[in-house]
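Colleague: Sequence plus predicted model, see below.
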Amino acid sequence: MPRKVRELRANLRRASSLEVRGRGKGSHSFWRHRDYPDLRTTLSGQVSQDVRDYQESQIAVVIAEVKRRRG
């Protein structure tokens, strides 16, 4: 069973990313990291929708970069 968008949002929050309010339009949400403002990503889809493959890999890259920078 594919993961849901709500799970990706939870993963981003666990990695200390914050949702930028007022920037999203429709089902898009913009995220930036609290300590590394250059780490930004856009996530599309309502929370109950299935995740697409490119979204899964996009979030994995952001989380891996956070772990790399933290050492």
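Modeller: Nice, I can see it.

Colleague: switch to C-alpha atoms for all contacts and neighbour counts from now on
Modeller: Will do.

Colleague: any idea what the residue positioned nearest the centre of the chain is structurally, helix, strand or coil?
Modeller: With distances taken as CA atoms, centre = their mean, the residue of the chain nearest its centroid is Leu12 (4.6 Å). Of the three states, Leu12 takes helix under DSSP: H, G, I helix; E, B strand; the rest coil.

Colleague: and if you look at the one 10 residues further on?
Modeller: For Gly22, the secondary-structure state derived from three-state DSSP is coil.

Colleague: any idea of the pLDDT on it?
Modeller: Confidence at Gly22, expressed as pLDDT, is 87.

Colleague: which residues of the protein score low on pLDDT?
Modeller: Applying pLDDT under 70 to the chain flags no residue at all.

Colleague: Going along the chain, name the helices of it.
Modeller: Here the chain has its helices, by DSSP state H, at 5-14, 53-70.

Colleague: in the shortest one, what's buried?
Modeller: Read that as helix 5-14. Using 16 or more other CA atoms under 10 Å as the test for burial, helix 5-14 gives Val5, Arg6, Leu8, Arg9, Leu12, Arg13.

Colleague: Then stretch 18-35?
Modeller: Leu18, Glu19, Ser29, Phe30, Trp31, Arg32, His33.

Colleague: With stretch 62-71 instead?
Modeller: Buried residues in stretch 62-71 (16+ other CA under 10 Å): Val62, Ile63, Val66.

Colleague: Chain neighbours aside, what residue packs nearest to the last one?
Modeller: Which is Val66. Ala15 (7.3 Å; CA to CA, 6 or more residues apart in numbering).

Colleague: Tell me, how many residues neighbour Met1?
Modeller: By the criterion of other CA atoms under 10 Å, Met1 has 4 neighbours.

Colleague: hang on, the earlier thing: could the helices of the chain go into TSV alongside distance to Gln46?
Modeller: Output for those, formatted as TSV (distance: least, CA to CA, whole Å):
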stretch	distance to Gln46
helix 5-14	7
helix 53-70	13
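
Colleague: Out of those, flag the one nearest Leu43.
Modeller: helix 53-70 (7.2 Å; CA to CA).
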